[in-house]
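1. whatever this is, show me its structure:
(one chain, ligands or ions: 1)
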Amino acid sequence: MVLLVVVIPLRVTTTRAKLHSFGPFLFVKRVGMMSRDTRIAADQHWIEELRMTLVEQFETQTARLTQLTADTGDPSEAHTQAALRANVRQQLDQITGALGRIAQGRYGNCDKCGVPIPQERLQLLPHARFCMPCQQRHSS
Ligand SMILES: [Zn+2]
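-> Model (predicted):
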């Protein structure tokens, strides 16, 4: 009994931590037990959550870009600022690309071969455009 009291709060904490870190992707994990209609609704819900996260990221990165574009008056920082700006711009491109694919209803499918990109990959890289095999061919 004592063991139970100790174990349960620990498990709750772990589940909450996972819930927090996986956020919108949690819906995907439950999909297996659902009917087809529910699954489609869950997919749409998941993508809507993802879209909101991407919009938030877009706003954060845009604000950052504005900050980085402001002249610091220190010429020695110019090079670093330029590198940071390039990095932020690249991230903004990836975010807008993913948002565009969501808007067009083709999010989550490989841009090259059209197969659905595995959810695990999208969890790690929400802006992924290619499935793993195509990505490997693309970069090599
Ligand atoms: Zn592919």
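2. test my guess that residue 97 contacts residue 129.
-> Yes: the criterion here is Cβ atoms under 8 Å, and residue 97 meets it with residue 129 at 6.9 Å. Any C-beta I mention is one placed from the backbone N, CA and C, and that applies to glycine too.
3. between these two, tell me which one has more neighbours.
-> Using other Cβ atoms under 10 Å, the more surrounded residue of residue 97 and residue 129 is residue 129, with 18 against 15.
4. what packs against the helix or strand containing residue 50?
-> Residue 50 is located in helix 36-69, with elements delineated by DSSP states H and E. When contacts are defined as 3 or more Cβ pairs under 8 Å, 6 or more residues apart in numbering; DSSP states H and E, helix 36-69 sits against helix 26-30, helix 78-103.
5. just want the angle from it to helix 78-103.
-> 160 degrees (axes from the mean of the first three to the mean of the last three Cα atoms, to 10 degrees).
6. how far does helix 36-69 sit from the chain's center?
-> Helix 36-69 sits 7 Å away from the centroid of its parent chain (Cα atoms, centre = their mean, to the nearest Å).
7. got it, and stretch 54-73?
-> Using Cα atoms, centre = their mean, the offset of stretch 54-73 from its chain centre is 19 Å.
8. and what of stretch 113-126?
-> For stretch 113-126, the distance to the chain centre is 10 Å (Cα atoms, centre = their mean).
9. returning to that earlier point: the helices and strands packed on helix 36-69 into TSV, with extra columns for mean pLDDT and distance to the ion?
-> Listed next are the helices and strands packed on helix 36-69 as TSV, based on pLDDT from 0 to 100; distance: least, Cβ to the ion, whole Å:
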stretch	mean pLDDT	distance to the ion
helix 26-30	45	19
helix 78-103	94	14
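10. now these as JSON lines including distance to residue 47?
-> Below are these laid out as JSON lines (distance: least, Cβ to Cβ, whole Å):
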{"stretch": "helix 26-30", "distance to residue 47": "10"}
{"stretch": "helix 78-103", "distance to residue 47": "6"}
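11. residue 36 is nearest to which of these?
-> The minimum distance between residue 36 and those falls on helix 26-30, with 14.3 Å, by Cβ to Cβ.
12. can you give me phi and psi for residue 109?
-> phi -100, psi 140 (degrees, to the nearest 10).
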